[in-house]
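> Make a model of this:
(chains A, B and C)
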Amino acid sequence: MDEKVAVVGINYAQGDDLGLTRERLCFQTVKGLLVQLGIDRHAIDSFILASNDFLEGRTISNVFEDGPVGAYLKDETKVEMDGINAVVYGALRILEGSYDTVMVVAHSLCGHQVSPYLQVQYSLDPTYDRQLGLLNELSGAALQARSYLRRNGLDEGWLDQAAARELAAGAANEKVTRPLQGMDEGKVGSSPFLYEPLRELHCYPPTDGACAIVLASAGKARELTDKPVWIKGFGSSIDSYYITHRDLTVSSSAAEAARRAYAMAGITDPEVQIGLAEISGLFAHQTPMLIEALGLAPEGEAPRGFAQGSFGREARLPVNPSGGALSAHPVCATGAVRVAEAFRQLRGEAGAVQAGEPRLAVAHGQDGLCMQQNTVLVLGI
Amino acid sequence: MRNVAIVGVGYCPVFVSKRNDVSIPEMISEAIHNAYLNCGLTPENVDAFTFGNMHTFEGVNMPHLWSIDHLTALGKPIMRIATGGTTGMSAFHCAYYHVASGLYDVVMTITFEKHSEGDAQVGLAGIITPEIMTVLSLGIDLTGGSGMGGLGGGSAGGISFQATSYLHHSGAGIEHIDAQAALERRNAAKNPYAHLKDPECTAEKIAQTPLVSYPIRYGHICPTTDGATVCILASEDKAAKIADKAAWIHAVANCTTDATTGNLIEGLITDPAEQMSCQLAAKRAYERAGIEDPRKEIDLVEIYNGFAHQTLMFLEKLGLCEVGEAHKMLERGETEIDGRLPVNASGGVVSTNSIGTSALNRVTECALQIMGKAEGGHQVPKKVRKALAHGWGGLMQYNTVTILGDAPLKR
Amino acid sequence: MEGLMESYFTPLVPMDFGYQYRLGAYLERYLDGLRERKILGVRCEGCGDVMVPPRMYCGKCRRKLEEWIEVKDRGELVEFTVGHVIMSKGKLSPSDPYIIGLVRLDGATHPLLARIQGVEVSSLRPGMRLRAHWNEAAENDYFVLDHFGPE
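As a prediction, the model looks like this:
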């Protein structure tokens, strides 16, 4: 896709307990971004929210988010999925032609206010899986992890290494306000088992977080910033609900989502052309799986490479210099945060976690059990 | 920007209180199957999907994840939208933007609700449960405040404020609400996909139903229904190949105002009959559709009316008549199926309410009227060139508007 | 303005809603079958896959499933995990270790998720043969097929 829609500004925060109500968090995040861009809420034509009623504890949760995000008497709608999809919807609205600017706001307070596992538990089949009580987000991920280890000839220590890589990156990221120092392989490997082989530190930490992103049409983008980050392409795909029907060792819907995104972006050799990836891997085995699904490494090379640090900040193709979702998972906002992190990397504004000078980046978000639904965005500067 | 058409509509076979024979995914698959049948498309033809419903009513989060294998959508993009009462139209608008963006040619909107599996009051009260619980846990006595009226009777409490204000400003009386409800139940009797049907309904019959909270009678209130509705949209080039008749989208608009609670306890709330967001959404939609005089150009309307007075109230707020005029139009028979401006020929939400579908049904009904495909006797005799579909929800604050035409808009 | 933030408090709001789900004809027939120690599945005419538990649609082929098949009550272990926590209403609580696994029954295409008992964790291996152990006294239909264990 040519330069038609750009990300012009971002503002986000993540932490175990941001000490704010939802309304205050949304307000501050949006206000901070408006101030940054030197505009007020009237410069925004449309608002797309991403939140989840089960996590908000109320029906139609966007009812009380409208005021704080500045949508009063304006066009507003809500996507109830990972925030990366709200970014895609925002792009569609701008492409349609009626809007020049869209504000995307994704958030949740999973760090301290609500049991985050609820949102996946309540997405399970109420007529069967919920009745049997065996399948949940963790047991599903564990079955997937074990299958993946077995297929690739990896031992459980590999999970510790993979997790430690992400946590070390997160520790260096000032946008992750969590105590991640010292979370090395040993620490990870001695955290308690949840469902073998997954230990506590192999699994995402649910956190508080909000992410606001402003998208703009080509003309407007250049007014708002001298470094617009263009949305080159996006794609989304979904696997069968039944994990028993899927080959759990690959994420076919992530591969399909990437294929569609690359086709739209005109990318024929992602391994060579993509300069950076921000991927929402929720468990230690997922980021390496997704690296392969996104075509960013030859098959079979990602797991060992990832554990050994071949996708670190100095690599040719850094993956998750932000620390990824394993360092902070503000459910619903996570995919949007990946977009925000890719944005600042492309503009050379990532400070301590700047990973080279990428020109093209990939951002990824997921929903559902064992990465059932995936969305991939290609961004370029 | 390119023109987008509705090429197919699919309803599940019946809209009733309880579909005991099917699970949620099975019920949705019926409407999908019918949509394909009605326009001759197959799943291979569909590029993307949007999905909407209000999950508190079934207690299933993101039900598109669980139902996906029943939705003919494996492998494809599917976006989930949830915005309360307006969900059906919001999901439809999302599909519109998919096609209008130029990136997808054929997109399906899927909506449903299976109220029989949950408790409707729970779903509705769930909007302000945190506020109520906070107030209770602080030891504040809710019954002492004058705002208690806003909470009384679930959503009927705030609604009675709205109805009273509407009657005050328009000069209409409760007898007009009775008459409107009766008209919609009679219309519903001619719609095979409606829930509450009464071909012999009269204002007097409605007036005999118990008062819930003045001026809202039991007979003015929508039912809870199990149902699913599917709509297929296509780009201009594709539409020409698919459908001999299509309904063209001329404009979509959406607006929100503040959540109409204000200070719950003291009863200081925004006038819920003002519906500024409806006035603004309609204005934006008319501008986008190039409509200068909606009262002359709109041939048919489908209004989101969970409560019968809302048909009259929104007719005014949408700018389709002067304030104080709607109930007079009703008296003169202008809003009947064979009238000058048929309103809710389908029977409206007050006759059929499976919430996820309710706002989409307003669009599909307008589309069917334009295409001349409304069944059961509720097809209006006049030629429908332009129609307006309206959706409403949230905490009385969301309004969505869609304007459809019988030919593509000249841009 | 900042001073106001110090007076926040977080009330606990326990909410418990009851729902009654319709299973649909396919699952109902499956559960009836369990009472007779039968494990029923449906076969897709498009791809030939046999789904257990049965359902109305094959997502891959987008076909309605009409052909009922009874599969065997024994099969092979595909994968397993040992749980050390129980999840209830989204919260975790510790548990004595228990095994859940995917068991592909003879005649079915895809595995079934079930508890595994009576086997040492150290001897669990994909490919090993297991069979269903029944509990006809279970009041809850879902637990009539109690677990998979040694043949």
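> Am I right that B:Gly376 sits in a strand?
No: counting by DSSP: H, G, I helix; E, B strand; the rest coil, B:Gly376 is not part of a strand but coil.
> next one: phi and psi at it?
As for B:Gly376, its main-chain torsions (degrees, to the nearest 10) stand at phi 80, psi 0.
> give the contact list for B:Ile370.
By CB atoms under 8 Å, 6 or more residues apart in numbering or on different chains, the residues touching B:Ile370 are B:Lys245, B:Ala247, B:Val384, B:Arg385, B:Ala387, B:Leu404, B:Gly405, B:Asp406. Quick note: C-beta positions are derived from backbone N, CA and C, even for glycine.
> Surely the last one and B:Trp248 touch.
Okay, so that is B:Asp406. Yes: under the criterion of CB atoms under 8 Å, B:Asp406 makes contact with B:Trp248 at 7.0 Å.
> any idea how far the residue of chain C found nearest chain A lies from chain B?
Nearest residue of chain C to chain A (CB to the nearest CB) works out as C:Gly90 at 3.3 Å. Applying CB to the nearest CB, to the nearest Å, the value for C:Gly90 to chain B is 11 Å.
> what residues are up against that residue?
Contacts of C:Gly90 (CB under 8 Å, 6+ apart): A:Val114, A:Ser115, A:Pro116, A:Tyr117, A:Leu118, A:Gln119, A:Gln121.
> Cross these against helices and list the overlap.
If you go by DSSP state H, the contacts of C:Gly90 have A:Tyr117, A:Leu118, A:Gln119, A:Gln121 in helices.
> Just give me the closest of the residues you listed to B:Gly376.
A:Gln119 (41.2 Å; CB to CB).
> roughly how far apart are the closest one and B:Thr352?
31 Å (CB to CB, to the nearest Å).
> Which one of the two is surrounded by more residues?
Comparing A:Gln119 with B:Thr352 by other CB atoms under 10 Å in any protein chain shown, the one with more neighbours is B:Thr352, at 27 against 24.
> Chain neighbours aside, what residue packs nearest to the more buried one?
The shortest distance from B:Thr352 to any non-neighbouring residue, by CB to CB, 6 or more residues apart in numbering or on different chains, is to B:His195 (4.2 Å).
> is stretch A:223-239 anywhere near chain C?
No: Stretch A:223-239 is not in contact with chain C by CB under 8 Å from any CB of the partner chain; minimum separation 9.1 Å.
> Likewise for stretch A:124-136?
Yes: against chain C, stretch A:124-136 shows contacts by CB under 8 Å from any CB at A:Pro126, A:Thr127, A:Tyr128, A:Asp129, A:Gln131, A:Leu132, A:Leu134, A:Leu135, A:Asn136.
> my guess is A:Val319 contacts A:Met289, does it?
No: judged on CB under 8 Å, A:Val319 makes no contact with A:Met289 at a distance of 11.9 Å.
> the more surrounded of the two?
More neighbours surround A:Val319 than the other of A:Val319 and A:Met289, with 32 against 26 (other CB under 10 Å).
> just for the stretch 201-350 of chain B, where's the confidence low?
B:260-269 (pLDDT under 70).
> one step back: tell me the pLDDT of the residue nearest to B:Thr352.
Looking at B:His195, its pLDDT reads 97.
> CSV for the ones in helices among the contacts of C:Gly90, including pLDDT and distance to A:Leu296?
As requested, these are arranged in CSV below (pLDDT from 0 to 100; distance: CB to CB, whole Å):
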residue, pLDDT, distance to A:Leu296
A:Tyr117, 90, 29
A:Leu118, 86, 32
A:Gln119, 87, 28
A:Gln121, 91, 32
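> Can you give me the neighbour number for A:Leu18?
For A:Leu18, the neighbour count with other CB under 10 Å is 22.
> For the closest residue to it other than its chain neighbours, which residues count as its bridge partners?
Distances taken as CB to CB, 6+ apart place A:Asp208 nearest to A:Leu18, at 4.3 Å, with adjacent residues excluded. A:Asp208 forms beta bridges with A:Gly15, A:Leu109, as assigned by DSSP bridges.
> quick one: A:Asp208 and A:Thr21 touch, right?
No: here A:Asp208 does not reach A:Thr21: they are 10.8 Å apart, not a contact under CB under 8 Å.
> okay, these two: which has more neighbours?
Between A:Asp208 and A:Thr21, counting by other CB under 10 Å, A:Asp208 is the more crowded of the two (26 against 16).
> contacting residues around the more buried one?
A:Asp208 makes contact with A:13-18, A:20, A:25, A:108-113, A:330, according to CB under 8 Å, 6+ apart.
> One more: A:Tyr117?
A:Asn136, A:Glu137, A:Leu138, C:Met87, C:Gly90, C:Lys91, C:Leu92.
> C:Lys89 versus that one, what's the distance?
Counting by CB to CB, the gap from A:Tyr117 to C:Lys89 is 9 Å.
> And A:Leu138, how close does it get to chain C?
A:Leu138 is 7 Å from chain C, where distance means CB to the nearest CB.
> Tell me if I'm right that that residue and A:Arg199 touch.
No: A:Leu138 is beyond contact range of A:Arg199, at 10.8 Å (criterion: CB under 8 Å).
> from chain B, which residue is nearest to chain C?
Closest to chain C within chain B is B:Asp69: 3.0 Å, counting by CB to the nearest CB.
> Excluding chain neighbours, give the residue nearest to that residue in space.
Closest residue to B:Asp69 apart from its sequence neighbours, by CB to CB, 6+ apart: C:Gly59 at 3.0 Å.
> which residues does the residue sitting nearest the centre point of chain C bridge with?
For chain C, the residue sitting closest to the mean C-alpha position, by CA atoms, centre = their mean, is C:Leu113 at 4.3 Å. Assessed by DSSP bridges, C:Leu113 has beta-bridge partners C:Leu102.
> next one: B:Ile6
Going by DSSP bridges, B:Ile6 forms beta bridges with B:Leu233, B:Ala247.
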